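# no FASTA, just this:
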């Protein structure tokens with residue numbers, strides 16, 4: 001059996017980069033597409049961690065699931081070092097991304113906007129979930 005995985009670290013990094021890149025530009029078609037992509041990456045990450053794993057700690061505990069988390073802790077980090085990194089720095093990355101997303105979302109989505117992945121799929125509660 002092949003374990004399904006998501007590059008959680010890369011979803012976090014690229015979503016943050018997308019949001020940072022458009023933060024100083026007016027809302028237009030291109031920035032909206034970029035924001036939608038960042039929204040999808042954040043939603044995918046939160047579903048993976050909270051619904052798929054029952055939280056960040058359970059995810060970090062599984063060395064097979066986290067083997068591809070190489071950002072920050074390095075490619076040769078032991079499972080224990082990777083777990084510690086994910087539960088500390090990784091958690092801060094995710095929390096920062098959630099705040100960044102919530103600050104920018106009102107610029108791109110009206111309340112209950114069907115293009116908002118969190119509204120469209122009933123995932124808004126994940127933005128408030130403790131990791």
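That came in fine, so what should we check first? Model, not experiment: these values are computed from the prediction. Residues are numbered from 1 along each chain as shown.

# Tell me how many other residues surround residue 11.
21 (other Cβ atoms under 10 Å). For glycine as for every other residue, the C-beta is placed from the backbone atoms N, C-alpha and C.

# Look at it and report its pLDDT.
If you check residue 11, the pLDDT there is 93.

# Now name the helix or strand holding it.
Assigned by DSSP states H and E, residue 11 belongs to helix 8-22.

# Just the buried residues of that helix, please?
Of all the residues in helix 8-22, those buried under the rule 16 or more other Cβ atoms under 10 Å are 8-9, 11-13, 15-16, 18-19, 22.

# Summarise which helices and strands that helix is packed against.
Contact here means 3 or more Cβ pairs under 8 Å, 6 or more residues apart in numbering; DSSP states H and E; on that basis helix 8-22 packs against helix 29-46, helix 91-108.

# Pull the contacting residues for the residue lying closest to residue 23 once chain neighbours are set aside.
Nearest residue to residue 23, sequence neighbours excluded (Cβ to Cβ, 6 or more residues apart in numbering): residue 104, at 6.9 Å. Applying Cβ atoms under 8 Å, 6 or more residues apart in numbering to residue 104 gives the contacts 19, 22-23, 35.
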